[in-house]
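Peer 1: the sequence isn't on hand, but the structure is:
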């Protein structure tokens, strides 16, 4: 019995995050894209990196993407939505903008259709865009200053279908009945039509929404503490996952949040299984302190991108094969 | 008075005082406000003056926040120059509902002639309009105008209640930084970007 307990404890305490590799700035916006794979921009094309084989593969033509700061992917992996700071001059995307009478020296949101290998730009006033398997959603400000809207596009042909007026928001998530809105004063609103908005929290920041749109994860500030909570969007019931988290959690579609606690632990929370898992660092990661790490992104259940206090970014995980170039 | 009588009187007074306290507290309890909910309204227009706001057909003065009893409500907002707005929602106790009314104008008020403009109720001299830039649902406009002498800039605000354009700045060739406090942020930003402001003043 004692032997079994010792073996059990040794398994529990064994490091499960044993590797770290420095990654370039261009890789810090990478997001999960299928099994063991991340999608990122190398500055010219969209590429995937399988971190268990080390293979890097271009999935788009060389179009002069430029610097990309935000990427999200539809659950089916058919649509990639990204925000580019500025596309490369004389590249295909710059030409596409100019052909549409738009300036290529400003920033845009783009949609890449993986099946047809085509890029579509969204209007210049778009603040945030998201994709599900059939539709693209774009939160935009009215250029005449009269408010904000969410426009829904058919992803297959990028034809806009509906536009609703919404309260001023900095971010949004698609739910099974409508949208969750994040307002500038850290309020979370739930709405179906943008007109009637139910306030769920007055001091909270959304982390992510499950693929079925029925649950959300958020960080709620209460009495000076920051708690990671799960919100049942059907009943509005709230369950505290853990108290006293630090920094901002990151989200891996469809259901995993990576977060750090004040006690110096790094954990994932699976919204489907409702299980927490500790990330125990091996000796090679001793220089990385979860208390001071910026969680930059999570690209798989056991692989994440973190940034230290010196601004150096690393891919951390286990059974990683580094890419020859990223 | 015997000791027994005094004791009896004291006990009787104490019982009366106790009954009085209970009665008062029960009375207060029956008057206590039930838990309410909050309704916030964003109208999306510069001024709510002249609007009629009704919850379940009961008129209330236009405010940005209302504390109401839990209920199903139909909110209607009407005002001259705006399309009527109505929506229905349920309000639970301790719940906050934000209504994004975003009132829409009934007509798009284009400016085609400076004769449409007034300042302090007076009309302005006839000027030729060379360009108009609209803001905020076309309720604000920056006009480039000219006559045979010079070019002039005019900033005007549309007043839906009177369906008229009121000059806020100008006519002038440029404006002081402090005068921009009279115009909303997007108009102010536009004026600065286009060098219609004397930065040295």
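Peer 2: That came in fine, so what should we check first? Note that the coordinates shown come from a computational prediction; the quantities given were computed from them, not determined experimentally.
Peer 1: can we go C-alpha only for contacts and neighbour counts from here?
Peer 2: Will do.
Peer 1: for chain B, what helix or strand is lowest in average pLDDT?
Peer 2: When the helices and strands of chain B are scored by mean pLDDT, DSSP states H and E, helix B:3-31 comes last with a mean of 65.
Peer 1: would you confirm that residue A:201 contacts residue A:189?
Peer 2: Yes. Contact criterion CA atoms under 8 Å: residue A:201 and residue A:189 qualify, at 7.4 Å.
Peer 1: looking at the two, which is more packed in?
Peer 2: Between residue A:201 and residue A:189, counted using other CA atoms under 10 Å in any protein chain shown, residue A:189 has the larger neighbour count: 24 against 17.
Peer 1: give me the element that one is part of.
Peer 2: Element membership for residue A:189 (DSSP states H and E) is strand A:188-191.
Peer 1: quick one: mean pLDDT over that strand.
Peer 2: Mean pLDDT, strand A:188-191: 97.
Peer 1: strand partners (parallel or antiparallel) of whichever helix or strand comes after that strand?
Peer 2: Note on strand A:188-191: by DSSP H and E, the next helix or strand toward the C-terminus is strand A:196-201. Here strand A:196-201 is paired, per DSSP bridges, with strand A:188-191 (antiparallel), strand B:96-100 (antiparallel).
Peer 1: now the residue positioned nearest the centre of chain B: closest residue in space, sequence neighbours ignored.
Peer 2: By CA atoms, centre = their mean, the mean C-alpha position of chain B lies nearest to residue B:48, the distance being 3.8 Å. Excluding the flanking residues, the one nearest residue B:48 by CA to CA, 6 or more residues apart in numbering or on different chains is residue B:62, at 6.3 Å.
Peer 1: doesn't residue B:55 make contact with that neighbour?
Peer 2: No. Using CA under 8 Å, residue B:62 is not in contact with residue B:55; the gap is 11.1 Å.
Peer 1: packing partners for the helix or strand encompassing residue B:165?
Peer 2: According to DSSP H and E, residue B:165 maps onto strand B:164-172. Applying 3 or more CA pairs under 8 Å, 6 or more residues apart in numbering or on different chains; DSSP states H and E, we find strand B:164-172 packed against strand B:117-119, strand B:151-159.
Peer 1: so which bits of the shortest one are buried?
Peer 2: Right, the one you point to is strand B:117-119. By neighbour count on 16 or more other CA atoms under 10 Å in any protein chain shown, the buried set for strand B:117-119 is B:117, B:118.
Peer 1: now stretch A:75-83
Peer 2: For stretch A:75-83, burial by neighbour count (16+ other CA under 10 Å) applies to A:75, A:77, A:78, A:79, A:80, A:81, A:82, A:83.
Peer 1: which of the residues you listed come close to chain B?
Peer 2: Among these, none lies close to chain B by the criterion of CA under 8 Å from any CA of the partner chain.
Peer 1: from those residues, pick the one nearest chain B.
Peer 2: residue A:83 (24.3 Å; CA to the nearest CA).
Peer 1: host element of the closest one?
Peer 2: strand A:79-86.
Peer 1: that strand: how far from the chain's middle?
Peer 2: Mean C-alpha position of strand A:79-86 versus that of the full chain (CA atoms, centre = their mean, to the nearest Å) differs by 13 Å.
Peer 1: write out the residues of chain B neighbouring chain A.
Peer 2: Residues of chain B lying near chain A (CA under 8 Å from any CA): B:42, B:44, B:87, B:89, B:95-102, B:134-138, B:186.
Peer 1: weed out the non-buried ones from those residues.
Peer 2: Buried members of the residues of chain B next to chain A, counted by 16+ other CA under 10 Å: B:42, B:44, B:89, B:95-102, B:134-138, B:186.
Peer 1: of the residues you listed, which belong to strands?
Peer 2: B:42, B:89, B:96, B:97, B:98, B:99, B:100, B:134, B:135 (DSSP state E).
Peer 1: which residue packs closest to the last one, ignoring adjacent ones?
Peer 2: Pointing back at residue B:135 there. Using CA to CA, 6+ apart, the closest residue to residue B:135 is residue A:144 (4.4 Å).
Peer 1: ok, the one you found touching residue B:137?
Peer 2: Yes. Contact criterion CA under 8 Å: residue A:144 and residue B:137 qualify, at 6.5 Å.
Peer 1: can you list the helices and strands packed on strand B:164-172 in JSON lines and add mean pLDDT?
Peer 2: JSON lines is the format used below for the helices and strands packed on strand B:164-172 (pLDDT from 0 to 100):
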{"stretch": "strand B:117-119", "mean pLDDT": "90"}
{"stretch": "strand B:151-159", "mean pLDDT": "94"}
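Peer 1: single out the most deeply packed of these.
Peer 2: Comparing these by mean neighbour count (mean count of other CA atoms under 10 Å in any protein chain shown), strand B:151-159 ranks first with a mean of 21.
Peer 1: who does that one touch, helix- and strand-wise?
Peer 2: With contacts taken as 3+ CA pairs under 8 Å, 6+ apart, strand B:151-159 sits against strand B:140-146, strand B:164-172.
Peer 1: turn the ones you listed into CSV, columns for mean neighbour count and mean pLDDT.
Peer 2: Formatted as CSV, the helices and strands packed on strand B:151-159 follow (neighbours: other CA atoms under 10 Å in any protein chain shown; pLDDT from 0 to 100):
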stretch, mean neighbour count, mean pLDDT
strand B:140-146, 21, 95
strand B:164-172, 19, 92
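Peer 1: now for the ones you listed, which one comes closest to residue A:61?
Peer 2: strand B:140-146 (44.6 Å; CA to CA).
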